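**Student:** the sequence and its predicted three-dimensional model are supplied below.
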Amino acid sequence: MKLNFSLTALAAVGVMAAGTASAQDLRLAPAAPPAHPAHYMYTNFAEYLDKESGGTIGTTLLGPEVVALPQMADALKSGLADIGNSLPLYFAADFPLTGVAGDLALQGRNPHAMALAMTEWVVNCAPCQQEYKEFGGVFLGAGSSDVYGLITTTPVNSVEDLRGLRLRSGGAPYSRWAEHFGATGVPMGVGDTFEAMSQGTIDGTMASIVDMLSFRLVDVATHFNTVPIGTYHATSNFTVALPTWESMTVEQRLMVTKAANRGNFDLTDRWGFQLPEAARAAVAESDITVVEASDELMAASEAFAQQDRETQVAAAGDIASDFAALIDEWSEAIAEIGNDPDALAELAWERIWADVDLATYGL
């Protein structure tokens, strides 16, 4: 039997409920509204889990008004959420080693390759696993955005056109990219981008084309340059609260892990492919000029990405080198198999999860 509670009741009794949820009724926290890829992923995960468990494991979906991204650590520790969408970069002090993968964002050229590299790397990275254990959660996979480009209010047709621009940056790798080309990376919350571009505070943003719709940049931008900059892939899509994981049987952990493995690809497919396609269609109907990156800009960007990879590996050592190698391996695999979520989920299970001892994993 599935046990279901209203969001209002959950919000009121969340703290008192700490430690009481069984594996038969899991509270899920995507920390995102219905239009967001994370909500889409969690809705599908609930269906996958229902199928994997034969209906024996019920779920209740919590809205972002109950658990938001910055609250995820507290929600998992208090028992308000049993499984949550946790972004390590929101808790950088807790994930200094896991965060190394995020610092290699400029390597991102295929969303699924980045998500798979992140997943395999964390699963097999002993110090990363220790960080999750101390955080109070168990990692069950990652996802990725599409490859970021340039959304601007001024034409960017060449390397020289970047000089002097102020570009919103979502993190250190993007600021490094901007500064290499004589621009300035401006740290700024993505929600502030529209106003900053409207007022001329910044000249644009290094971002997903999906921001054209998500943050209505389609109404303020004049140009989109397709130069591939990088991805956002340092995610933990399904972070299981440690007490919840401990309370499960190995069979139940297997059910949850299988559902999470399939759900991971829904996030990347939605964020990296479906929504960018919709955004490109909206841009095509607008007055925005789409500029295909010139050979000069492409070559310069790729050269800097390689230079940045070498710099980050030299600074972080083997842990960064291992992640970089996995990017190469998964990029080659996807070049052969393609981007089909079902096929990739099968491959991920075979290569990453099949040999994981769920009796001890995460503990």
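**Tutor:** Perfect, thanks for sending it.

**Student:** which stretches of the stretch 151-300 of the chain form helices?
**Tutor:** Taking DSSP state H, counting those that start in this stretch as the criterion, the stretch 151-300 of the chain carries its helices at 172-180, 193-199, 211-214, 242-247, 250-269, 275-284, 295-316.

**Student:** now do the strands in this protein.
**Tutor:** Counting by DSSP state E, the segments of the chain that form strands are 25-29, 58-61, 83-86, 137-139, 149-152, 166-169, 184-187, 204-207, 223-225, 236-241, 289-291.

**Student:** out of the ones you listed, the one nearest residue 107 is which?
**Tutor:** Evaluated over those, closeness to residue 107 peaks at strand 204-207, with 14.9 Å, by C-beta to C-beta. Where you see a C-beta, it was placed from the backbone N, CA and C, and this is true even at glycine.

**Student:** what about dumping the CA coordinates of that closest one to PDB?
**Tutor:** C-alpha atoms of strand 204-207 as PDB (Å, rounded to 0.1, in the frame of the first residue of the first chain):
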ATOM      1  CA  GLY A 204      25.500  39.100 -22.000                       C
ATOM      2  CA  THR A 205      25.900  35.700 -20.400                       C
ATOM      3  CA  MET A 206      27.700  32.500 -20.900                       C
ATOM      4  CA  ALA A 207      24.800  30.200 -20.500                       C
END
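
**Student:** for it, what is the average pLDDT?
**Tutor:** Mean per-residue pLDDT for strand 204-207: 97.

**Student:** and that strand, what does it pack onto?
**Tutor:** Counting contacts by 3 or more C-beta pairs under 8 Å, 6 or more residues apart in numbering; DSSP states H and E, strand 204-207 packs against strand 149-152, strand 166-169, helix 172-180, helix 193-199.

**Student:** before we move on, back to that, tell me the most buried of the helices of the stretch 151-300 of the chain?
**Tutor:** Counting by mean count of other C-beta atoms under 10 Å, helix 250-269 has the highest mean neighbour count of the helices of the stretch 151-300 of the chain, with a mean of 23.

**Student:** and the angle for that one with helix 275-284?
**Tutor:** 20 degrees (axes from the mean of the first three to the mean of the last three C-alpha atoms, to 10 degrees).

**Student:** for the stretch 101-250 of the chain, give me the ranges with low pLDDT.
**Tutor:** Along the stretch 101-250 of the chain, segments meeting pLDDT under 70 are nowhere present.

**Student:** just checking, residue 358 touches residue 256?
**Tutor:** No. With contact defined as C-beta atoms under 8 Å, residue 358 does not reach residue 256; the gap is 9.3 Å.

**Student:** all set now, cheers.
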